[in-house]
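# here's a sequence, model it:
(2 chains)
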Amino acid sequence: MRGRVPRDVWFIAFIGALIYSLWQVGLLDPSRLGRFANLVPFIVQMIPPDVSLVPLILEATYETVLMAFTGTVIGGFLSLPLAMLSSRLLFPKHVTVPFRTLLAVIRTVPSLLWALIFVIIIGLGPPAGVMAISFYTVGYLGKLFYESFDSVSKEVLEGVGAVGASQLQLLRFAIVPETANYIISQLLFIFEYNVRASSIIGLVGAGGIGYLILALAQSLRYDGLLMCILVILAFVMGMDAISSKIRARFLR
Amino acid sequence: MTTSVLECIDVWYAYQPSKFVLRGVSLELEEGKVYMIFGRSGAGKTTLLKVLKGILRPTSGIIRYRSKDLLSDEDRRVAYRSIGYVPQGFGVVSNLSVLENVLTGALSRVSTLHSILGQFPEEEVERALRVIETVGLKDFAHNKVSSLSGGQKQRVAIARTLMQDPEVILADEFVSQLDPLTSRDVLEVFREICKGEKKITLVITTHDADIAYEYADSLVVMREGGITFRGSPGTTKGMDLLSAMR
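Predicted coordinates for the structure are as follows:
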């Protein structure tokens, strides 16, 4: 067909771009590639994992889960009114656009950066982590919630709206019940995500297991590091299984 | 003597500039009568109901409810409560119980704060239960609507509209999603209620000629945004309807 670039040209361009990127990030540099040999002593120092650290790790994991839970609840709570104000079914464009933009701005900043910002503002420790998780949750859930609000069937809105319901009554008696299962499912999903994110944000001093991982890595305690990874792995897998079962029930 | 409840005079409506879906529609609806509006898809039936309900504001024309101008904001608010509307499909909230759905019909009489907290006055709850019984769903009052059949969901929609205490009910493609027997059951209940103590004017859009002949007091045919035929089932022949639709 005239004007069409042959498929081979696309393929060669793609491979060229990949090689260029690998070269630019240093992954094709022989001196750097040689450093992969460090993997062997690293693994040797990790094994066996340091079981004596388990109580300390569990305590830090507990703190991480508390951070994730509190952040999810605060973020979820705040995202509901923001999602309502962003819903085109409930408000005109001049109201929804500023709130949608606000949510987009909040979402653009990753949780790690939010953690860094709050560590600077309120200092090291879990409160900074909770604030970071809350902010990220608001940006993420706010968008998911307003999209689900906007997807509520027109007939349901017309049916409830026809009785003379106010905007708030429409939200309470049509939009929220119609999207409740999705909202619960997304809350569980973001909680799972926040547990993982809480582990990471500790690295910048926002408390929890991430903070412990940082301390162990800096003191070259790789056996302790492995124990941390194993505890997180077991915990996240267990939580994923429970959460997916609950979510499946709500989405049925 | 018959009394006009709702009327529209020379109503025009366009979703896009100068693409008119309603072209000079005039219709007078009398108290306690059942109207069936016929017409092909795109004839303007749904738009007419939405304009009569006040969901859409006509491009031009007059709409009166009991001599009040429906296009003035103040009168519109009063009339909005007295005109019930059942949208295409069921328009009921699947995740709420039958009782909760029916109680939404009372929302305009309950304060926003109380209703948001789920607190309805005792007399409204009792009234809702009576309406549920009237439409034959007494045993399902506390069941979730998602667990009901199509015909039962339609009865919930009727009950919710009746709870509003309207004088006119506009029902869009009311039984088109139901099988013929269920359609008749639902229409029988609806007509009995409307012809009861409080005379309710019922306007239903439909594709089904048999149902229209059986239940209507007055037949109205729409084509390309205008009314092409009006008559009573007793004096109207099938051919009249068909030629008015074509």
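
# pull up the residues of chain A that are close to chain B.
By CB under 8 Å from any CB of the partner chain, the part of chain A that sits against chain B consists of A:153-156, A:158-166, A:168-169, A:172-174, A:177-178, A:180-181. Quick note: C-beta positions are derived from backbone N, CA and C, even for glycine.

# which of those residues are buried?
Burial by neighbour count, 16 or more other CB atoms under 10 Å in any protein chain shown: within those this picks out A:153, A:155-156, A:158-165, A:169, A:172-174, A:177-178, A:181.

# buried ones in whichever strand or helix holds A:Ser185, by neighbour count?
Assigned by DSSP states H and E, A:Ser185 belongs to helix A:176-201. For helix A:176-201, a neighbour-count test (16+ other CB under 10 Å) marks A:176-179, A:181-195, A:197-201 as buried.

# what's the next secondary structure element after that helix?
helix A:209-218.

# tell me what that next one is packed against?
helix A:54-86, helix A:176-201, helix A:222-251 (3 or more CB pairs under 8 Å, 6 or more residues apart in numbering or on different chains; DSSP states H and E).

# B:Ile211 contacts B:Val175, correct?
Yes: using CB atoms under 8 Å, B:Ile211 is in contact with B:Val175, at 6.6 Å.

# tell me which of these two has more neighbours.
B:Val175 (24 against 19; other CB atoms under 10 Å in any protein chain shown).

# and the more buried one, that one's in a helix?
No: applying DSSP: H, G, I helix; E, B strand; the rest coil, one finds B:Val175 to be coil, outside a helix.

# give me every residue that touches it.
Contacts for B:Val175 were tallied using CB atoms under 8 Å, 6 or more residues apart in numbering or on different chains; they are B:154, B:182-183, B:186-187, B:204, B:206, B:208, B:211.

# could you rerun that using 7 Å?
B:183, B:186-187, B:206, B:211 (CB atoms under 7 Å, 6 or more residues apart in numbering or on different chains).

# what does B:Met245 give?
B:38-40, B:221, B:223.

# returning to what we had before: so which of the contacts of B:Val175 reach chain A?
When CB under 7 Å from any CB of the partner chain is applied, no member of the contacts of B:Val175 is adjacent to chain A.

# with distance to B:Ser115, pLDDT and secondary structure added, can I get these in CSV?
Below are the contacts of B:Val175 laid out as CSV (distance: CB to CB, whole Å; pLDDT from 0 to 100; DSSP: H, G, I helix; E, B strand; the rest coil):
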residue, distance to B:Ser115, pLDDT, secondary structure
B:Ser183, 33, 78, helix
B:Val186, 28, 78, helix
B:Leu187, 31, 83, helix
B:Thr206, 33, 84, strand
B:Ile211, 36, 81, helix
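
# Throw these into a markdown table and include distance to A:Gly205, thanks.
Formatted as a markdown table, those follow (distance: CB to CB, whole Å):
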| residue | distance to A:Gly205 |
| --- | --- |
| B:Ser183 | 68 |
| B:Val186 | 65 |
| B:Leu187 | 70 |
| B:Thr206 | 69 |
| B:Ile211 | 72 |
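
# just those residues now: which is nearest A:Leu226?
Nearest to A:Leu226 among the contacts of B:Val175: B:Val186, at 67.1 Å, using CB to CB.

# that closest one: how many residues sit nearby?
B:Val186 has 22 neighbours, counted by other CB under 10 Å.

# from chain B, which residue is nearest to chain A?
The nearest approach of chain B to chain A comes at B:Gly91, 2.7 Å away (CB to the nearest CB).

# phi, psi for that residue please.
Backbone torsions for B:Gly91, taken as degrees, to the nearest 10, come to phi 70, psi 20.

# cool, B:Arg64 as well?
Dihedral angles for B:Arg64 - degrees, to the nearest 10 - are phi -120, psi 140.

# okay, now it: neighbour count?
Counted with other CB under 10 Å, B:Arg64 comes out at 18.

# and what of B:Leu129?
16.

# what do you get for B:Ile62?
B:Ile62 has 14 neighbouring residues, counting by other CB under 10 Å.

# so what's it closest to, chain neighbours aside?
Computed as CB to CB, 6 or more residues apart in numbering or on different chains, the closest residue to B:Ile62 that is not its neighbour in sequence is B:Ile9, at 4.3 Å.

# my read: the one you found touches B:Asp69, true?
No: counting by CB atoms under 7 Å, B:Ile9 does not reach B:Asp69; the two are 11.1 Å apart.
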